[in-house]
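J.: Below is the sequence, then the predicted model.
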Amino acid sequence: MLWVVVSVVFLLIHLVPGDPIVQMLGEGATASDISDLRHRLGFDAPLYKQYLHYWGGALHGDFGQSLRLHDSVTHLVAQRYSYTLALTLAALVLGILASVPAGVWSALHRGRWVDRMLGIASLGGLSFPNFALGPILILVFSIKLGWLPVSGAGTGHVFGPGFWIYLILPAITLGSGLAGVLTRMVRTAMLEELGQDYIRTARAKGLPERVVVYRHALANALIPTLTIVGLQFGSLLSGAIVTETVFSWPGIGRLTLSAISNRDYALVQGCILAVGLTYVLVNLLTDLAYTFANPRIRV
């Protein structure tokens, strides 16, 4: 999967109009200067040779140099990756903490006003795009109320004491859509499980309602929910590009956008490879999590 993703990105980025050599040297560069730099960087070689050269270096841990930033791709991606990972995990945690109780509560009060209000809220989370929700949160909580910083990630280290206050608004912006999806998913799965025979049997045995709901019904309803969480993690990574741009978050999303704008081939491929690797690992962890949610899967 990683090979396919990087190969497709390699071909597409070379098809995008524009010459990175001209952008580097400027419009006043002579044809001789452009030709010399293109030859020095290997861009005058056939595309298949550039492709083989890239993978030859990648297999040895060398992902090339950034054309614009004049630094190794590995170092640049490593600097930004922790910020995107922190933002994505925070959005994931917020989405899960908001959606699981809301989905369960909505299923238990099906058809009542609580169910309708939660349904409207989840639809709002799905319908509101990040590029619109982010500025609204900044206007209300940063400019009007002054509770939270407008943008950036502070000057401290990632996961440091002063880092979390900068993470709140971007995490809410990125996690709102996930919360809307998971709320509907948990509600649907819970309604299906609450109608099963084993739930009726558990109630007939006199088990407390909270045990029936949370230990029996919710445990089985988490299986499809975990699948959606694993799939939505990739959406969070891609959606981080917009959110990081709105909040000037120094993550890999902004780095990717800058690399695409500058036709920085090696940096684009390195960023996409990091995102693809994360997505593959998260889906592997999702498969392993099934066995903890439902012990029958181990058999």
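T.: Great, that's in hand. Numbering: from 1, shown residues only.
J.: Just give me the residue closest to the centre of the chain.
T.: Leu237 (1.8 Å; C-alpha atoms, centre = their mean).
J.: so that residue sits right up against Leu87, yeah?
T.: No. Using C-beta atoms under 8 Å, Leu237 makes no contact with Leu87, being 9.5 Å away. In short, each C-beta sits where N, CA and C put it, glycine included.
J.: Next, the buried residues of the strand or helix carrying the residue nearest to the centre of the chain.
T.: Using DSSP states H and E, Leu237 falls within helix 218-246. By neighbour count on 16 or more other C-beta atoms under 10 Å, the buried set for helix 218-246 is 218, 220-223, 225-230, 232-234, 236-237, 239-246.
J.: in this protein, what secondary structure element scores lowest on mean pLDDT?
T.: When each helix and strand of the chain is scored by mean pLDDT, DSSP states H and E, helix 20-25 comes last, with a mean of 66.
J.: after the helix holding Leu237, next one along is what?
T.: Sequence order places helix 252-261 as the next helix or strand after helix 218-246, per DSSP H and E.
J.: How far away from the center of its chain is that following helix?
T.: Computed by C-alpha atoms, centre = their mean, to the nearest Å, the separation of helix 252-261 from the middle of its chain amounts to 15 Å.
J.: The strand or helix carrying Lys49 packs against which elements?
T.: Using DSSP H and E, Lys49 maps to helix 47-58. The elements that helix 47-58 packs onto, with contact taken as 3 or more C-beta pairs under 8 Å, 6 or more residues apart in numbering; DSSP states H and E, are helix 2-15, helix 265-293.
J.: what about Val100, how many neighbours?
T.: Counted with other C-beta atoms under 10 Å, residues neighbouring Val100 total 20.
J.: so what secondary structure elements neighbour the helix or strand hosting it?
T.: Applying DSSP H and E as the criterion places Val100 in helix 73-108. Helix 73-108 is packed against helix 113-127, helix 164-194, helix 218-246, helix 252-261, helix 265-293, with contacts defined by 3+ C-beta pairs under 8 Å, 6+ apart.
J.: Look up how far Gly57 lies from the residue nearest to the centre of the chain.
T.: Between Leu237 and Gly57 the computed distance is 25 Å (C-beta to C-beta, to the nearest Å).
J.: Same question for Phe247.
T.: Distance from Phe247 to Gly57, by C-beta to C-beta: 34 Å.
J.: do the same with Tyr198
T.: Between Tyr198 and Gly57 the computed distance is 56 Å (C-beta to C-beta).
J.: can you pull the buried residues of stretch 4-13?
T.: Val5, Val6, Val9, Phe10, Ile13.
J.: looking at it, Thr286 is touching Thr225, isn't it?
T.: No. Look at Thr286 against Thr225 with C-beta under 8 Å: they stay out of range, at 10.4 Å.
J.: returning to that earlier point: out of the helices and strands packed on helix 47-58, deepest packed?
T.: Comparing the helices and strands packed on helix 47-58 by mean neighbour count (mean count of other C-beta atoms under 10 Å), helix 265-293 ranks first with a mean of 18.
J.: the inter-axis angle of that one versus helix 218-246?
T.: Angle between the axes of helix 265-293 and helix 218-246 is 160 degrees (criterion: axes from the mean of the first three to the mean of the last three C-alpha atoms, to 10 degrees).
J.: possible to save the buried residues of stretch 4-13 as TSV with distance to Thr30 and pLDDT?
T.: Shown next, in TSV, are those (distance: C-beta to C-beta, whole Å; pLDDT from 0 to 100):
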residue	distance to Thr30	pLDDT
Val5	38	81
Val6	34	79
Val9	32	80
Phe10	29	80
Ile13	26	77
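J.: so which of those residues would you say is closest to Ala45?
T.: Using C-beta to C-beta, Phe10 is the member of the buried residues of stretch 4-13 that lies nearest Ala45, at 13.6 Å.
J.: wait, isn't the closest one in contact with Tyr54?
T.: Yes. The pair Phe10 and Tyr54 qualifies as a contact (C-beta under 8 Å) at a distance of 6.7 Å.
J.: hmm, back to that, looking at the helices and strands packed on helix 47-58, which is closest to Asp115?
T.: Comparing the helices and strands packed on helix 47-58 by C-beta to C-beta, helix 265-293 comes nearest, at 24.7 Å.
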